[in-house]
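Engineer: quick check, what structure comes out for this input:
(chains A and B)
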Amino acid sequence: NAGVTQTPKFRVLKTGQSMTLLCAQDMNHEYMYWYRQDPGMGLRLIHYSVGEGTTAKGEVPDGYNVSRLKKQNFLLGLESAAPSQTSVYFCASSYLTSGSSYEQYFGPGTRLTVT
Amino acid sequence: AQSVTQLDSHVSVSEGTPVLLRCNYSSSYSPSLFWYVQHPNKGLQLLLKYTSAATLVKGINGFEAEFKKSETSFHLTKPSAHMSDAAEYFCVVSDRGFQKLVFGTGTRLLVSP
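Structural biologist: Okay, the predicted model is just below:
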């Protein structure tokens, strides 16, 4: 199993450009998440999905959109990139384990720079 | 709302000495607690998790953590540091019934020879 994969690994955008980050998981997980990681701030949840066709806002959703058309894929879109969106983006997935714990499995990250 | 506070942004130890990374949490419900590790330019890997079973939780690579409800703490320890332990460590809380995790701001562990 590849686990959670992210495409691309690195990207540089100019202000106002758009792009889509792709996350794929092969563990048949119901839940998927997008986080951003900024220095000194830990990981913050952007959007998440509890199943195919459903999405919900997290802590910092502004400027991002998401789609979950297939169970294994979760896309994060930036319609008009801004320098404040320079960050490392992590995708994660999870299922509900016995005992109600839900360990999340993380991808390797996408480093995005907006100039 | 749930939250975590990692009390040290950096911890420096010598190889072979004990490691203590401190974490306090706040949660309205019975929490699930996790420690994740992130090596430079890598994704996050689960070290260990607490889910209301044993309060002393053993994880990978010799790490363990103890859940103390009275102190609302979940400190991470290791008896003897190894150079390969140098990384950033995140304490994470999640309330029961929710799939959302809340991350601390991280503690960078530095290990010197």
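Engineer: need the residues that contact whichever strand or helix holds residue A:88.
Structural biologist: Secondary structure from DSSP states H and E places residue A:88 in strand A:87-94. For strand A:87-94, contacts defined as Cβ atoms under 8 Å, 6 or more residues apart in numbering or on different chains pick out A:4, A:6, A:21, A:23, A:25, A:27, A:29-38, A:43, A:46, A:74, A:76, A:102-107, A:109-112, B:43-44, B:99. Quick note: C-beta positions are derived from backbone N, CA and C, even for glycine.
Engineer: equivalent analysis for stretch A:66-80, please.
Structural biologist: By Cβ under 8 Å, 6+ apart, stretch A:66-80 touches A:13, A:16-26, A:28, A:30, A:32-34, A:46-47, A:49, A:51-55, A:63-65, A:85, A:89, A:91, A:93.
Engineer: let's see 7 Å
Structural biologist: By Cβ atoms under 7 Å, 6 or more residues apart in numbering or on different chains, the residues outside stretch A:66-80 that reach it are A:16, A:18-26, A:32, A:34, A:46-47, A:49, A:52-55, A:63-65, A:85, A:89, A:91.
Engineer: the strand holding residue A:88 pairs with which strands, and in what direction?
Structural biologist: strand A:31-37 (antiparallel), strand A:104-106 (antiparallel), strand A:110-114 (antiparallel) (DSSP bridges).
Engineer: just how off-centre is the second one within its chain?
Structural biologist: What that stands for is strand A:104-106. Relative to the centre of its chain, strand A:104-106 is centred 11 Å away, using Cα atoms, centre = their mean, to the nearest Å.
Engineer: let me see the mean pLDDT of that strand.
Structural biologist: For strand A:104-106, the mean per-residue pLDDT is 90.
Engineer: again with the last one
Structural biologist: For strand A:110-114, mean pLDDT rounds to 96.
Engineer: pull out the buried residues from that strand.
Structural biologist: Under the neighbour-count criterion of 16 or more other Cβ atoms under 10 Å in any protein chain shown, strand A:110-114 has A:110, A:112, A:114 buried.
Engineer: and the gap between the first one and chain B?
Structural biologist: Relative to chain B, residue A:110 is positioned 11 Å away (Cβ to the nearest Cβ, to the nearest Å).
Engineer: only whichever of the contacts of strand A:87-94 are buried, select them in ChimeraX.
Structural biologist: To isolate the buried subset of these in ChimeraX, counting by 16+ other Cβ under 10 Å, use the following:
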select /A:4,6,21,23,25,29,30,31,32,33,34,35,36,37,43,46,74,76,102,103,104,105,106,107,109,110,112 /B:43,44,99
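Engineer: residues in contact with residue B:22?
Structural biologist: So residue B:22 contacts B:6, B:7, B:8, B:75 (Cβ under 7 Å, 6+ apart).
Engineer: please enumerate the strands of chain B.
Structural biologist: B:3-6, B:10-14, B:19-21, B:23-26, B:31-38, B:44-50, B:56-58, B:64-68, B:73-78, B:87-95, B:102-103, B:107-112 (DSSP state E).
Engineer: format these as JSON lines; extra columns: mean pLDDT and distance to residue A:80.
Structural biologist: JSON lines is the format used below for the strands of chain B (pLDDT from 0 to 100; distance: least, Cβ to Cβ, whole Å):
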{"stretch": "strand B:3-6", "mean pLDDT": "93", "distance to residue A:80": "32"}
{"stretch": "strand B:10-14", "mean pLDDT": "97", "distance to residue A:80": "37"}
{"stretch": "strand B:19-21", "mean pLDDT": "98", "distance to residue A:80": "39"}
{"stretch": "strand B:23-26", "mean pLDDT": "94", "distance to residue A:80": "36"}
{"stretch": "strand B:31-38", "mean pLDDT": "91", "distance to residue A:80": "30"}
{"stretch": "strand B:44-50", "mean pLDDT": "92", "distance to residue A:80": "29"}
{"stretch": "strand B:56-58", "mean pLDDT": "94", "distance to residue A:80": "44"}
{"stretch": "strand B:64-68", "mean pLDDT": "95", "distance to residue A:80": "43"}
{"stretch": "strand B:73-78", "mean pLDDT": "97", "distance to residue A:80": "40"}
{"stretch": "strand B:87-95", "mean pLDDT": "90", "distance to residue A:80": "31"}
{"stretch": "strand B:102-103", "mean pLDDT": "89", "distance to residue A:80": "27"}
{"stretch": "strand B:107-112", "mean pLDDT": "97", "distance to residue A:80": "34"}
